[in-house]
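Asker: Sequence unavailable; structure follows:
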């Protein structure tokens, strides 16, 4: 039996609404040889197979799902290389896409949820509530990843301007979902502006998913 090839490209792309940006993403997808791509902040209200082909390559253009942007804000997508995976089921909420992926290389199926978390505090609470409801939809092999726009702990931010209540609610949600975090390799933060650095992009997995792909990291 062949082992599945799982190489996930996860990226907040800051918009896919111009061809130059799509080429940058496509070049990275080819360089990394990813078999699954999860992209946030696409800024696209509609995503076509042609868009996917221009962004990731033709082999991703048949199996994808997307969350529409609100105007030019937000948006997310997940796409898989047809040589390795197919998407058999999709679920959507305001801030998430959840799909069931089936390997074409071996007898294996699992779930992946892609998130693009909101900016406002009230919306963040709603987002965390959405995450809790997904647990009942997915099987025991589950990968949850994306741009959460939340931090888990004080060390995830380069200054002391912290919302400890939301940090606690985020930790409580991950504990409720019974997920472990995949290690981040090579850097401490994933986002920055002129004054602040934070780690808001993360990946979590179930124990069963980790046992299936034990060498996984970011």
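Answerer: Noted; the coordinates are in hand. All figures in this text were calculated on a predicted structure; none of them were measured in a lab.
Asker: in its sheet, what does the worst-scoring helix or strand of the chain on mean pLDDT sit against?
Answerer: Across the helices and strands of the chain, mean pLDDT, DSSP states H and E gives its lowest value to strand 191-192, namely a mean of 82. Using DSSP bridges, strand 191-192 pairs in its sheet with strand 197-198 (antiparallel).
Asker: Just checking: what are the partner strands of the helix or strand that the strand it pairs with is followed by?
Answerer: Downstream of strand 197-198, the first helix or strand assigned by DSSP states H and E is strand 201-205. Sheet pairing of strand 201-205 (DSSP bridges) gives strand 142-147 (antiparallel), strand 180-181 (antiparallel).
Asker: Can you pull the poorly scored residue ranges out of the chain?
Answerer: Along the chain, segments meeting pLDDT under 70 span 1-3, 186, 217-218.
Asker: residue boundaries of the strands in it?
Answerer: 8-12, 36-40, 64-67, 76-80, 85-92, 96-103, 109-116, 142-147, 180-181, 191-192, 197-198, 201-205 (DSSP state E).
Asker: do you know which of those lies nearest residue 48?
Answerer: For these, the distance to residue 48 is smallest for strand 64-67, at 9.6 Å, taking CB to CB. Placement of C-beta: from N, CA and C, glycine included.
Asker: For burial, what's the neighbour tally of the nearest residue to residue 37 once chain neighbours are set aside?
Answerer: The shortest distance from residue 37 to any non-neighbouring residue, by CB to CB, 6 or more residues apart in numbering, is to residue 9 (4.6 Å). The tally of other residues near residue 9 (other CB atoms under 10 Å) stands at 18.
Asker: Return the most buried member of the strands paired with strand 201-205.
Answerer: strand 142-147 (a mean of 24; mean count of other CB atoms under 10 Å).
Asker: show me what contacts the closest residue to residue 74 other than its chain neighbours?
Answerer: In this structure, residue 74 finds its nearest non-sequential neighbour in residue 116, 5.7 Å apart by CB to CB, 6+ apart. Counting by CB atoms under 8 Å, 6 or more residues apart in numbering, residue 116 touches 12, 40-41, 67, 74-76, 95-96, 146-147, 149.
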